[in-house]
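Novice: fold the following.
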Amino acid sequence: MPTFKVNVKWGKQKFEDVEVDTDEPPIVFKGQLFALSGVPPDRQKVMMKGAALKDDEWGKFKLKDKAMLLMMGSADELPAAPVVATQFVEDMTDAQLASAYAIPAGMVNLGNTCYMNATVQCLRTIPELQDALQRFDKPGAMMGPSALPSALRNTYQHMDASPDGFRPAQLLQTLHASFPQFSERGENGMLCQQDANECWTQLVRTLQEHLEPVSVGSDGQLVQTSRGSASNMGFVDQFLGGRLKCSMKCEEAPEEVETVSEERFLQLSCFISKDVKYLHTGLQSRLQEHITKTSPTLERDAVYVKTALIDRLPGYLSVQMVRFFFKEKDNINAKILKDVKFQLSLDLFDMCTRELQQKLTPVRERMRLHEEAEMEKSKAATIHGHKSMDAQEVVEHEPYWFEDDLGSNNSGFYELKAVLTHQGRSSSSGHYVGWAKRSGSHWFKFDDASVSSVHEDDVLKLSGGGDWHAAYVLVYGPRRLPKGAGLKVAEAPKEEASAPPDSADKSEATPMDTQ
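Specialist: Numbering: from 1, shown residues only. Take a look at the predicted model:
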């Protein structure tokens with residue numbers, strides 16, 4: 001059928017030379033009228049010489065050029081103006097941006113205090129520590145180490161109350177009174193730059209001394225208790241402290257009895273040598289080393305092999321990338337710029353004692369089964385065209401510690417929570433920045449008072465290799481297992497074992513170990 005140009009009258013309006021292609025169904029023509037008048041097709045009644053136009057066929061409509069058609073119907077009302085005027089991102093203040101994007105507060109640099117700001121932001125990623133500080137109410141001196149937990153608690157409270165950059169004057173003053181080395185000033189009277197890892201170490205050790213341990217209450221929540229006379233462990237020992245089992249064997253006197261000892265740590269070190277390209281390699285390289293000490297058998301100095309394995313994993317693990325060394329020629333702590341890759345996920349299973357590995361295995365197996373089940377769900381969703389929900393569901397998790405060791409890690413798996421970086425050539429100069437995980441692949445960059453949102457790909461670029469920010473301290477938290485996930489059929493209640501044969505057949509669909 002041919003194409004015509006017709007006129008359409010709608011109330012007091014007239015649309016001239018409207019093109020009609022009769023090879024298309026009439027609903028297409030009604031779509032054109034909708035664009036001209038705003039009347040939806042389902043409200044249109046188009047007539048010509050008493051005949052009404054249908055949606056799917058032209059019927060008795062005998063069109064020709066300049067034919068006059070009559071349309072009846074009311075257009076949709078225009079949307080009402082918003083009650084609150086639209087505000088564009090470009091017009092927002094920093095406070096409004098922080099509120100809109102749920103950006104946490106930054107910290108004002110009070111003069112070369114970026115080392116402290118970055119440290120405090122990284123510590124903030126440990127939620128159990130935040131709770132422990134809120135419970136801290138021990139009376140103490142106004143200044144000195146005993147006042148640091150209160151100053152840190154007050155700092156976090158102010159930062160939680162407002163997205164504006166916070167001036168940590170009280171915390172800085174308390175830090176200087178507790179550890180005078182941080183109050184050093186240069187010839188110009190300005191505060192000197194300090195080592196951020198030293199600040200981390202001093203803060204954690206102070207918290208270790210003053211924060212009381214916790215236990216699981218009847219409601220499943222953590223409650224504060226008092227230190228036992230036997231273990232004398234505090235909160236920091238529970239959640240940030242690990243233990244090494246070390247053996248010492250003399251290479252020059254095989255008959256000498258091997259000695260075994262325990263060492264506690266609050267941080268692991270990754271020493272950077274020419275052979276270390278990855279974090280895992282750097283950590284493993286320190287598990288066996290040669291040292292020289294006096295041999296009681298030979299009655300002289302001899303070479304010993306010291307072997308260390310992890311006997312307890314803390315819930316939260318900090319790792320120092322040992323990037324600084326003292327350069328006598330220039331009298332500075334020079335920086336090793338080498339690129340050393342670190343992972344978003346860390347597995348320390350192969351660095352543990354055999355006894356600990358056996359304890360870690362059950363939860364690791366559940367995690368493996370859970371991951372396989374999630375992969376199957378993802379494949380099924382892809383096949384059926386289902387899209388994953390963007391909203392984060394509230395998921396309950398299993399405890400990440402052993403039942404008899406609160407605050408430990410019961411799987412050996414860790415997820416990266418925060419990174420403290422340094423930009424510059426020496427620890428006494430340059431600039432420190434904190435990077436903290438928000439959720440999923442989204443992170444925050446804390447550059448003193450300036451806080452911005454970044455992607456995890458940007459975080460992985462902090463491995464060094466040039467003058468850009470290089471990872472100096474890494475903070476890992478426990479990988480969490482959703483409640484009830486990864487349970488095998490064999491672990492179901494015994495009465496289910498007498499299920500009918502068809503039920504037993506279904507149990508064979510449970511993912512099995514393919515390794």
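Novice: which element is the nearest residue to residue 355 once chain neighbours are set aside on?
Specialist: Excluding the flanking residues, the one nearest residue 355 by Cβ to Cβ, 6 or more residues apart in numbering is residue 311, at 7.5 Å. C-beta coordinates here come from the backbone N, C-alpha and C atoms, glycine included. Using DSSP states H and E, residue 311 sits within strand 300-312.
Novice: buried set for that strand?
Specialist: For strand 300-312, the neighbour count (16 or more other Cβ atoms under 10 Å) marks 302, 304, 306, 308-312 as buried.
Novice: repeat for stretch 45-57
Specialist: 46, 48, 53.
Novice: for beta bridges, what are the partners of the first one?
Specialist: Listed by DSSP bridges, the beta-bridge partners for residue 46 are residue 71.
Novice: so it makes contact with residue 30?
Specialist: Yes - counting by Cβ atoms under 8 Å, residue 30 is a contact partner of residue 46 at 6.9 Å.
Novice: residues that sit against both of these two, list them.
Specialist: residue 53 (Cβ atoms under 8 Å, 6 or more residues apart in numbering).
Novice: coming back round to it: widest-spaced pair of the buried residues of strand 300-312?
Specialist: Greatest spacing in the buried residues of strand 300-312, by Cβ to Cβ: 302 and 312 (30.4 Å).
Novice: quick one on the thing from earlier: let me see the contact set for the residue nearest to residue 355.
Specialist: With contact set as Cβ under 8 Å, 6+ apart, residue 311 has these partners: 243-245, 262, 352-353, 355-356.
Novice: if you set the cut-off to 7 Å instead, what comes out?
Specialist: Contact analysis of residue 311 by Cβ atoms under 7 Å, 6 or more residues apart in numbering lists 243-245, 262, 353, 356.
Novice: one more: residue 474?
Specialist: Residue 474 touches 318-319, 342, 416, 419, counting by Cβ under 7 Å, 6+ apart.
Novice: tally of neighbours for residue 374?
Specialist: Neighbourhood size, residue 374 [other Cβ atoms under 10 Å]: 13.
Novice: okay, and it sits in which element?
Specialist: Element membership of residue 374 [criterion: DSSP H and E] is helix 354-384.
Novice: chain center to the following helix or strand past that helix: distance?
Specialist: Beyond helix 354-384 on the C-terminal side, the first helix or strand identified by DSSP H and E is strand 413-423. Remark: strand 413-423 is offset 9 Å from the chain centroid, using Cα atoms, centre = their mean, to the nearest Å.
Novice: what does stretch 152-169 give?
Specialist: Chain-centre distance of stretch 152-169: 21 Å, with Cα atoms, centre = their mean.
Novice: buried ones in it, by neighbour count?
Specialist: For stretch 152-169, a neighbour-count test (16+ other Cβ under 10 Å) marks 152-153, 155-156, 158-159, 163-166, 168 as buried.
Novice: list the contacts of the nearest residue to residue 64 once chain neighbours are set aside.
Specialist: Closest residue to residue 64 apart from its sequence neighbours, by Cβ to Cβ, 6+ apart: residue 4 at 6.1 Å. For residue 4, the contact set (Cβ under 7 Å, 6+ apart) comprises 20, 63-65, 67.
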